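Trainee: Structure, please.
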Amino acid sequence: MSVAASNPHGLFDCRDAYVAALEDMATTDDRIVAVVNDSVGSSKLGRFRDRFPDRLVNVGIAEQNMVSVAAGLANGGKVPFVSGAGCFLTARAMEQIKVDCGYSQANVKLCGISSGVAYGELGATHHSIEDVAWLRAIDKLTVIVPADPWQTDAAIRAAAAHDGPVYVRISRMPVPALDRDDTPFAIGRAETLREGGDVAIVASGTLVYRAIAAADILVGEGVAARVVNMATVSPIDAAALAAAAATGAIVTAEEGLAHGGLGGAVAEWCARHAPVPMRMLGFPGFLPTGSADWLMERFDLTATGIAAAVRDVLGQRAA
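Mentor: Prediction:
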């Protein structure tokens, strides 16, 4: 992908992949519009605004209105991409997301920018750690958490092609481009990045490359960990979870609440279909103020933290 290929340091801001995909689609599809809450800069949509000045709607700091305007545009035949900080888009406009998008099945694409703990030092009001848990509870709302720039690009294009409301969680925290087979992205289908039969690590977003690094640590200890990139949290890939559960133990890892989000979705499926010992890594609740890197370290959302959780769940299984 061009965004990745042009980066000499090997780490990428997935907002760049998002806006590149949006601009590219807009050149051939005049239904594509952007709706923002005074967030052109933070969404990196300045070039889109300059190229398509009549196709960017800035409602100001009014998130509820932003989502309702987008629903109206969708009802008029447009394909609106709503772009705003994940913490404000999901928390302030929850009723509009539920009713105007989910219940009404409006063809709105919600893009939560700078999600997770990317706003670090701004504290709990700006952390977006509840969004996946909240939104996966809304009926018929697709929830996608891409792991790298290629998958962000693919998810945005898949969201545009999907008929119905979609939430795409877009991180600005630097992540590497993952090594993967040339497998096309599909909504509802997970991606197995490492094979392994001793345990499964099911991760999303910024935790995926850390999960791979954890699997590399565990190889040196004789543990073969299966690594699953569960980019679509809702609807979740049942076949991938069945294969994960077949290892006998699962660790989930996400840059969000440890309950209710990806971990909750995996635990619910396993409780119904294939109960296995589990550990769910994530944040416990409201967080202290600190940098994103410090928060990830503090709450063990690192390769070493994931490897430690794997050892713990394997010890439980052996007990």
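Trainee: Against A319, how distant is G86?
Mentor: 39 Å (C-beta to C-beta, to the nearest Å). Where you see a C-beta, it was placed from the backbone N, CA and C, and this is true even at glycine.
Trainee: These two: which is more packed in?
Mentor: More neighbours surround G86 than the other of G86 and A319, with 29 against 6 (other C-beta atoms under 10 Å).
Trainee: beta partners for the closest residue in space to that one that isn't next to it in sequence?
Mentor: Excluding the flanking residues, the one nearest G86 by C-beta to C-beta, 6 or more residues apart in numbering is G112, at 3.0 Å. With DSSP bridges as the criterion, G112 is bridged to G84, R169.
Trainee: what's V57 sitting at in phi/psi?
Mentor: According to degrees, to the nearest 10, the main-chain angles of V57 amount to phi -110, psi 120.
Trainee: Kindly report the same for I129.
Mentor: phi -110, psi -10.
Trainee: what do you get for L257?
Mentor: According to degrees, to the nearest 10, L257 has phi -60, psi 140.
Trainee: State the distance from it to R136.
Mentor: Separation of L257 from R136 (C-beta to C-beta) stands at 11 Å.
Trainee: And for E63?
Mentor: Counting by C-beta to C-beta, the gap from E63 to R136 is 20 Å.
Trainee: The two: who's more crowded?
Mentor: More crowded of E63 and R136, by other C-beta under 10 Å: E63, with 25 against 21.
Trainee: Low-confidence stretches in the stretch 1-150 of the chain?
Mentor: Along the stretch 1-150 of the chain, the parts satisfying pLDDT under 70 run over 1-9.
Trainee: Quick one: the strands in the stretch 1-150 of the chain, in order.
Mentor: 32-36, 56-58, 79-85, 109-113, 142-144 (DSSP state E, counting those that start in this stretch).
Trainee: closest one to I217 among these?
Mentor: Closest of these to I217 is strand 142-144, at 28.0 Å (criterion: C-beta to C-beta).
Trainee: which other helices and strands contact that closest one?
Mentor: helix 149-161, strand 166-170, strand 232-234 (3 or more C-beta pairs under 8 Å, 6 or more residues apart in numbering; DSSP states H and E).
Trainee: hmm, 7 Å instead?
Mentor: strand 166-170, strand 232-234 (3 or more C-beta pairs under 7 Å, 6 or more residues apart in numbering; DSSP states H and E).
Trainee: circling back: save the strands of the stretch 1-150 of the chain as a markdown table, and put in mean neighbour count and distance to A21 too.
Mentor: Output for the strands of the stretch 1-150 of the chain, formatted as a markdown table (neighbours: other C-beta atoms under 10 Å; distance: least, C-beta to C-beta, whole Å):
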| stretch | mean neighbour count | distance to A21 |
| --- | --- | --- |
| strand 32-36 | 25 | 10 |
| strand 56-58 | 17 | 16 |
| strand 79-85 | 28 | 10 |
| strand 109-113 | 28 | 11 |
| strand 142-144 | 27 | 13 |
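Trainee: Tabulate those in CSV, adding columns for distance to A214.
Mentor: Output for the strands of the stretch 1-150 of the chain, formatted as CSV (distance: least, C-beta to C-beta, whole Å):
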stretch, distance to A214
strand 32-36, 37
strand 56-58, 41
strand 79-85, 29
strand 109-113, 26
strand 142-144, 23
